[in-house]
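Visitor: Below: sequence and its predicted model.
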Amino acid sequence: MATCSVDIAEVEEMNDPGAAPYGNFINYYTFNPPENRLSLIPATLLQDLGLKDGPQNTLILDVGCNSGDLSVAFYKHLVPVSEEESDRRKVNLLGFDLDETLIQRAQQSNPLPSSISFIPLDITKDADQLQDYLNQHGGSHFHLCLCLAVTMWVHLNHGDAGLLQLLSHLASISQHLLLEAQPWKCYRSAARRLRKLGRSDFDHFKSLKIRGDVAEQAREHLERHCGMELIQSFGSTTWDRKLLLFKRR
Ligand SMILES: C[S@@+](CC[C@H](N)C(=O)[O-])C[C@H]1O[C@@H](n2cnc3c(N)ncnc32)[C@H](O)[C@@H]1O
């Protein structure tokens, strides 16, 4: 089974990983293709969650969407192209990432611009644009929020408080949250890699109190402090990461 050390080795071959301190790898999908995660997620997810047949548009948020490959593949997985154009218009996905170059690539290669949009945004800073998007689409919250392989980067760059704020924020704007938190061994690999390059450590790495089973601690925070409950685990990816689905109580 591939592990984090494998993914890091692959990254090192492809780019200078020190140039991606937020996980903003330029070739991410060549070493972690969307299928790795999609194969675990049922294509009937929207129906299963009762999200498809309501009068409202279904709004999906993809946090830290990189170059958009997974966002588009996820959308097509849940809303097949065979569906009527009018049905597709009723499901809207917004992907955002702090890396503007990646977002430009996502925008340029977007095959469904009437349903999928991409914007540059750092979730740890100003997130007004998310509220603007909800207002434009007549929604008070996102029906489904994807936060896949992003938590570690926010955690390393913004500390325990940054991670908990991220989870609280996403819970406050989402009805369902699909979370893939990187396990602790990935943190160690990321920190080791920076050191090997002779760069200074991530600001918060040594002082993190949330360590070990990060996914479990994220679950505890979401359930105890954010009014969410874990309703399903879609198993582990080939990188040994759990895909956890939470719902607002
Ligand atoms: C490892 S990639 C994962 C991409 C995608 N979510 C996936 O799972 O396929 C992590 C992404 O999170 C983005 N990211 C990290 N911190 C962020 C932040 N504070 N706000 C927005 N995006 C962020 C990075 O730029 C990077 O593209």
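Guide: Noted; the coordinates are in hand. Numbering: from 1, shown residues only.

Visitor: State the number of residues packed around the closest residue to the ligand within the chain.
Guide: Closest residue of the chain to the ligand, CB to the nearest ligand atom: G64 (2.6 Å). For the C-beta atoms, the positions are set from N, CA and C on the backbone; glycine is no exception. Neighbour count for G64, taken as other CB atoms under 10 Å: 25.

Visitor: same thing with D48?
Guide: For D48, using other CB under 10 Å, the count is 12.

Visitor: Now for it: which residues touch it?
Guide: P42 (CB atoms under 8 Å, 6 or more residues apart in numbering).

Visitor: Model confidence at it, what's the number?
Guide: In this prediction, D48 carries a pLDDT score of 95.

Visitor: With the one 5 residues further on instead?
Guide: The predicted local distance difference test score for D53 is 72.

Visitor: The residue of the chain closest to the ligand and L146, how far apart?
Guide: Using CB to CB, to the nearest Å, we find G64 at a distance of 9 Å from L146.

Visitor: ok, now D201?
Guide: Taking CB to CB, one finds D201 at 29 Å from L146.

Visitor: So which of these two has more stuff around it?
Guide: Neighbours were counted for D201 and for L146 using other CB under 10 Å; L146 has more, 28 against 13.

Visitor: Can you list the strands that the helix or strand encompassing that one pairs with?
Guide: For L146, the host element (DSSP states H and E) is strand 142-148. Counting by DSSP bridges, the strands paired with strand 142-148 are strand 58-63 (parallel), strand 174-180 (parallel).

Visitor: Is any residue of it near the ligand?
Guide: Yes. Interface with the ligand: strand 142-148 contributes L148 (CB under 6 Å from any ligand atom).

Visitor: elements contacting the helix or strand just after that strand?
Guide: Next along the chain after strand 142-148, taking DSSP H and E as the criterion, comes helix 151-173. Contacts defined by 3 or more CB pairs under 8 Å, 6 or more residues apart in numbering; DSSP states H and E place helix 151-173 against strand 142-148, strand 174-180, helix 184-196, helix 214-225.

Visitor: can you pull the contacts of L130?
Guide: Contacts of L130 (CB under 8 Å, 6+ apart): L61, L94, F96, L121, F142, I173.

Visitor: quick check, it in a helix?
Guide: Yes. Counting by DSSP: H, G, I helix; E, B strand; the rest coil, L130 is part of a helix.

Visitor: which SS class is N110?
Guide: Of the three states, N110 takes coil according to three-state DSSP.

Visitor: Show me the shaky parts of this protein.
Guide: Applying pLDDT under 70 to the chain picks out residues 1-19, 55, 83-89.

Visitor: interface residues of it facing the ligand?
Guide: 22-24, 28, 64-66, 70, 97-99, 102, 122-124, 148-150, 153-154.

Visitor: Which residue is most remote from the mean position of this protein?
Guide: Distance to the chain centre peaks in the chain at G198, reaching 29.0 Å (criterion: CA atoms, centre = their mean).
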